[in-house]
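A.B. asks: sharing a sequence plus its predicted fold:
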Amino acid sequence: MGQKLKITGWVAAGAVAGVLTTVSLQTVARGSLAPLPLEELQQLAAVFGMVKSDYVEPVDEKKLISDAISGMVAGLDPHSQYFDKKSFKEFREGTTGRFVGVGIEISQEDGLIKVVSPIEGSPAFRAGLKPNDLITKIDDTAVRGLSLNEAVKRMRGEANTKVLLTIFRKDESRTFPVTITREEIRTQSVRGKIMEPGYGWIRLSQFQERTVDDFVKKVEDLYKEDPNLKGLVLDLRNDPGGLLDAAVAVSSAFLPENVTVVTTDGQLAESKSIYKAAPEFYQRRSGSDPLRNLPAALKSVPLVVLVNEGSASASEIVAGALQDHKRAIVMGSQTFGKGSVQTVRPLGPDTGLKITTARYYTPSGTSIQAKGIVPNVLVDESAEGSPFAALRMREADLEKHLASGQGPETKDPEREKARDEARKRLEEEAKKPPQDRKAPEFGTDKDFPLVQALNRLKGQPVLVSKTQIIVENKDEKKEN
């Protein structure tokens, strides 16, 4: 493979988490194009003309063209996509970690919107919203019956516009209105704390433009609070990916200098690249090495990486690199399995094309496409197991997904059986009162996988899974 890819825009990596994010390279349009198939284009033009003249009612020409492009690209694989003006804006917001809104992390509870945490310094933070507050109305719209995405859209808007939220605070048994002025928000993709003396926890929820700087600051804060850390947990559960250079940087923070982090291979010469643990492979063009002030102890502190079925793409790059170099023990569940690279090319000032251009490989040369990273130690979600894990969507479940290129795929009848059992359990679970169905939040003393990771670091017994099913290629067996 060649040397580092010369990047003309941003590079991103991700999977399915409500919307598709991806390992992506934004580049300028290529100077040369393949010869056009004239006969097929004539057919396309003929169909366009027939629809325009014969359809039962007038159709919008621009929409016809946009839908034709979308259909052509969507037929390739689940991650290639045509961006119209709206979706291109949303994609850029996802990679920058910036959007206009009120500044709260939310979840859904009993049909209402629950405030998980206000983002520090945000309008919601300044307005006094607290974790566990329930939002019952957004302006004049009742929240009950809205999806989480619909609620998010109603709270977002233009900067300096107002939104009225009706809040129910359970511990005070009162309902009150709060008017909040929207502004640009920078999401927090890094959390962390000292779990107990000598042991720290850092969680990355996505790899965004600010992630590396926030990661460095959080590491520095942990070492200031406890300079003698004896172990660290890097939590990548449910991390759908994000920027590839951020994934390379986070990997490099723990690895020896110049070792391979990830390689890519595709049809284009520029897609055949090697990314190493060195500043020139992750630092931004105008900046210095963002890792320069990290404590030297980070290179050797005992490390556990937590992953699950929601860990995808960029997070799989990090887990795979640290696992292959034996720098960390990977614990949890088999990851999502998105091992493809997408290039984002602008088609105009506010539209673009995201197209799969390469597969990526761990340092050992293994493609994780449609397979994922298999943890060194399999751990369930709770002491009772992972009853609903089999229902979660993985790359191999997506229609038209790219093959790994390293052997045939086979359907596992055991996994299908596990899915049937999980569906039955889910039906029973739905009959329970809501308070009995709440999953513990990440980073608490009731977070079962985190407790097992800390036990591993402390040399104490770990409750390993006895039920998880590994998705394997027929010709490639992995040992655990």
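C.D. replies: In hand now; what should we look at? Keep in mind that this is a model prediction, so the values were computed, not measured.
A.B. asks: and T175, helix, strand or coil?
C.D. replies: strand (DSSP: H, G, I helix; E, B strand; the rest coil).
A.B. asks: wait, it sits on K137?
C.D. replies: No - using C-beta atoms under 8 Å, T175 is not in contact with K137; the gap is 9.4 Å. Yep, even glycine has a C-beta here, placed from its N, CA and C like the rest.
A.B. asks: so for the two, which residue has more residues nearby?
C.D. replies: Neighbours per residue, other C-beta atoms under 10 Å: of T175 and K137, the larger number sits with K137, 18 against 12.
A.B. asks: just checking, that one is part of a helix?
C.D. replies: No - counting by three-state DSSP, K137 falls outside a helix, being strand.
A.B. asks: who's it bridged to?
C.D. replies: Beta-bridge partners for K137, by DSSP bridges, are A142, T166.
A.B. asks: helix or strand for R327, which one?
C.D. replies: Taking DSSP states H and E as the definition, R327 sits outside all helices and strands.
A.B. asks: my guess is it contacts F254, does it?
C.D. replies: Yes - in this structure, R327 is within contact of F254 by C-beta under 8 Å, at 5.4 Å.
A.B. asks: what is in contact with these two at once?
C.D. replies: L303 (C-beta atoms under 8 Å, 6 or more residues apart in numbering).
A.B. asks: mind listing the helices for the stretch 351-480 of the chain?
C.D. replies: Using DSSP state H, counting those that start in this stretch, the helices of the stretch 351-480 of the chain run over 413-430, 448-458.
A.B. asks: please apply the same query to the stretch 101-250 of the chain.
C.D. replies: Going by DSSP H, counting those that start in this stretch, the stretch 101-250 of the chain shows helices at 123-126, 148-155, 211-225, 244-254.
A.B. asks: before we move on, the earlier item: where do the contact lists of T175 and K137 overlap?
C.D. replies: Common neighbours of T175 and K137, using C-beta under 8 Å, 6+ apart, are T166.
A.B. asks: longest strand of the chain, counting residues only.
C.D. replies: Taking DSSP state E as the criterion, the chain has its longest strand at strand 352-361.
A.B. asks: domain assignment for the chain?
C.D. replies: 98-186, 190-340+362-458 (automatic domain parsing).
A.B. asks: would you mind finding the most buried of those?
C.D. replies: Most buried of those by mean neighbour count (mean count of other C-beta atoms under 10 Å) is domain 190-340+362-458; its value is a mean of 19.
A.B. asks: the longest strand of the chain packs against which elements?
C.D. replies: Strand 352-361 is packed against strand 23-26, helix 61-74, strand 81-83, helix 85-96, strand 260-266, strand 340-346, with contacts defined by 3 or more C-beta pairs under 8 Å, 6 or more residues apart in numbering; DSSP states H and E.
A.B. asks: swap the cut-off to 7 Å and go again
C.D. replies: Contact analysis of strand 352-361 by 3 or more C-beta pairs under 7 Å, 6 or more residues apart in numbering; DSSP states H and E lists strand 81-83, strand 260-266, strand 340-346 as its packing neighbours.
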